[in-house]
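S.K.: Starting from these lines, generate the structure:
(one chain, ligands or ions: 1)
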Amino acid sequence: MRKNIVAGNWKMNTTLQEGVALAKEVNEALKGATPKCDVIICVPFTHLASINAEIDQNKLGLGAENCADHKSGAYTGEVSASMVASTGATYVILGHSERRQYYGETSETLREKLALAFENNLTPIFCIGEVLEERENETHFEVVKKQIEEALFNLSAEEFGKVILAYEPVWAIGTGKTATDDQAQEMHAFIRSVIAEKYGKEVADNTSILYGGSCKPSNAAALFAKPDVDGGLIGGASLDCASFMGIVNAF
Ligand code: PEP
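M.R.: Residues are numbered from 1 along each chain as shown. Next up is the predicted model:
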């Protein structure tokens with residue numbers, strides 16, 4: 001059975017001290033609580049080990065926001081999947097639109113990153129989504145299908161079964177403009193049909209597909225009520241414990 005998941009993406013926010021304090025606050029809020037979803041925070045590399053030491057990963061999963069497309073070696077400034085795993089983190093966001101847009105990530109580099117994530121037992125939270133122009137010229141289904149096919153369809157069914165997908169329409173990220181719950185459902189159902197065509201209905205039904213893009217406590221319940229929306233990848237609202245927990249409790 002697929003899981004409901006709410007995952008935070010802190011992006012390039014918080015100092016180490018602020019980040020540890022926020023993680024402790026979320027961890028505390030989850031103590032004794034029984035949310036109807038798995039809860040994960042994906043944080044800057046510099047924070048991973050310190051946060052791992054402070055949280056109960058049975059209640060709050062920990063992930064990185066990226067990893068390198070090489071195993072190790074002369075890649076100054078890069079952080080490998082094995083380094084991420086060695087901090088105690090077990091998730092990694094891959095293919096976020098900001099990485100694709102500002103750092104030129106392609107399906108080819110993402111295939112390398114996925115392979116390294118699997119080698120190091122990291123669960124990928126893999127992002128896909130169209131830009132505004134693509135939605136306006138109605139190529140959004142085609143674009144999303146291509147992103148999935150190019151980066152993920154070389155995976156075995158077993159590997160694919162470990163991937164968490166996040167549909168994030170780029171026009172909705174950090175803009176305050178959320179996709180309507182019907183727009184999200186329409187795309188999520190389409191994504192599930194694309195997966196079913198390749199891997200079969202069982203794999204498709206078991207894949208968690210999160211929605212991301214200006215998700216907040218006020219719109220989360222309507223989005224999560226849709227049958228193919230299995231939770232959210234949360235940017236801005238994950239930087240405040242009360243907002244993040246408001247989204248977690250929307251399930
Ligand atoms: C994101 O970048 O993953 C995201 C969903 O951001 P926001 O919630 O701020 O739109």
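S.K.: so residue 211, which of the three states?
M.R.: Classification of residue 211 using DSSP: H, G, I helix; E, B strand; the rest coil returns strand.
S.K.: An error on my part: the question was meant for residue 215.
M.R.: Of the three states, residue 215 takes coil according to three-state DSSP.
S.K.: is it true that it touches residue 234?
M.R.: Yes - using C-beta atoms under 8 Å, residue 215 is in contact with residue 234, at 5.4 Å. The way it works is simple: take the backbone N, C-alpha and C, and place the C-beta from them, glycine included.
S.K.: Mind listing the shared neighbours of these two?
M.R.: Taking C-beta atoms under 8 Å, 6 or more residues apart in numbering as the criterion, residue 215 and residue 234 both touch residue 247.
S.K.: Pairing partners for the residue of the stretch 1-150 of the chain at minimum distance from the ligand in the sheet, please.
M.R.: Proximity to the ligand, evaluated over the stretch 1-150 of the chain using C-beta to the nearest ligand atom, is greatest for residue 9 at 4.2 Å. When assigned by DSSP bridges, residue 9 has beta-bridge partners residue 42.
S.K.: Which residues are in contact with it?
M.R.: Contact analysis of residue 9 by C-beta under 8 Å, 6+ apart lists 42, 65, 93, 96, 212, 233-235, 238.
S.K.: could I get these as JSON lines with secondary structure?
M.R.: Listed next are those as JSON lines, based on three-state DSSP:
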{"residue": "42", "secondary structure": "strand"}
{"residue": "65", "secondary structure": "coil"}
{"residue": "93", "secondary structure": "strand"}
{"residue": "96", "secondary structure": "coil"}
{"residue": "212", "secondary structure": "strand"}
{"residue": "233", "secondary structure": "strand"}
{"residue": "234", "secondary structure": "strand"}
{"residue": "235", "secondary structure": "coil"}
{"residue": "238", "secondary structure": "helix"}
